[in-house]
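Enquirer: The sequence and its predicted three-dimensional model are supplied below.
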Amino acid sequence: MSRFIALEGADGCGKSTQVDRLAQSLLSRGEQVVTVREPGSTSLGERVREILLDGKEPLGAEAEALLFLASRSQLLTEVIEPALAEGKWVIADRFHISTLVYQGIAGELGEQRAVELCHAVIGERRPELNIVLEMSPEELKQRIDKRIGSGDRFESRPGIHERTTKAFHEVKGIPGDRIIRIDGSASADDVAARIEQEVVVGLR
């Protein structure tokens, strides 16, 4: 049995921690697991990531979305689809829902255009389950303010925390997407337990 899961949410919500927690839980059950991050996890993806996170590089809204999609397409071909074909679980730290939120609803591209672009590139090659960790803008900002260093292209945009938290709450995805929202402000253990329940119980 293979499964494709994406964890989503605004920066600071704890999804990367929960990707690791879920992977360890599945491994303890004897499953084979591959974790990936977006953008990244391929040579092309890491190079695209550098461009996207460099706030000094000017990018139009559509060009930004297409860079994400180029990285995602390569990730699907090079890593995700082969892993699923081998019966492994794939857990993604972000996938297409983030594009719908950051470039679409909370960005300048607009939700409908973002949906069109995502569907044109990835089609039905999408996660079976998208788990969105929700937190208030105030909680997210407190977590991010504790980080060392300046914000990247996305974190430094004015009002980004308010817009993205609202967008993650509203996003419907591409028709056919399954989205579950979980309170990310709970303890890491409680969040992990809720995610495990949705993944292990809900999908089997």
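Expert: That came in fine, so what should we check first?
Enquirer: Over to residue 87. Which of the three states is it?
Expert: What DSSP: H, G, I helix; E, B strand; the rest coil gives for residue 87 is coil.
Enquirer: Can you pull the phi and psi angles for it?
Expert: Backbone torsions of residue 87, given as degrees, to the nearest 10, read phi 80, psi 20.
Enquirer: Which SSE is immediately downstream of the least confident helix or strand in the chain by mean pLDDT?
Expert: Lowest on mean pLDDT, DSSP states H and E among the helices and strands of the chain sits helix 137-145, with a mean of 80. Sequence order places helix 160-170 as the next helix or strand after helix 137-145, per DSSP states H and E.
Enquirer: Residues contacting that following helix, please?
Expert: 8-11, 97, 101-102, 104-106, 132, 134-137, 140-141, 144, 154, 181 (C-beta atoms under 8 Å, 6 or more residues apart in numbering). Every C-beta, even on glycine, is put in place using the N, C-alpha and C of the backbone.
Enquirer: In strands only, show me those.
Expert: Residues of these located in strands (DSSP state E): 8, 132, 134, 181.
Enquirer: Neighbour-wise, give me the winner out of those.
Expert: Using other C-beta atoms under 10 Å as the neighbour criterion, residue 8 leads these with 27 neighbours.
Enquirer: right, and that one touches residue 130 too?
Expert: Yes - assessed by C-beta atoms under 8 Å, residue 8 is found in contact with residue 130 at 5.8 Å.
Enquirer: anything in contact with each of the two?
Expert: The contact lists of residue 8 and residue 130 share 95, 97, where a contact means C-beta under 8 Å, 6+ apart.
Enquirer: Need the ones in strands among the contacts of helix 160-170 in JSON lines (columns: distance to residue 39 and pLDDT).
Expert: JSON lines is the format used below for these (distance: C-beta to C-beta, whole Å; pLDDT from 0 to 100):
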{"residue": "8", "distance to residue 39": "14", "pLDDT": "98"}
{"residue": "132", "distance to residue 39": "19", "pLDDT": "98"}
{"residue": "134", "distance to residue 39": "23", "pLDDT": "95"}
{"residue": "181", "distance to residue 39": "23", "pLDDT": "97"}
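Enquirer: and of the residues you listed, the nearest to residue 27?
Expert: Nearest to residue 27 among the ones in strands among the contacts of helix 160-170: residue 8, at 21.9 Å, using C-beta to C-beta.
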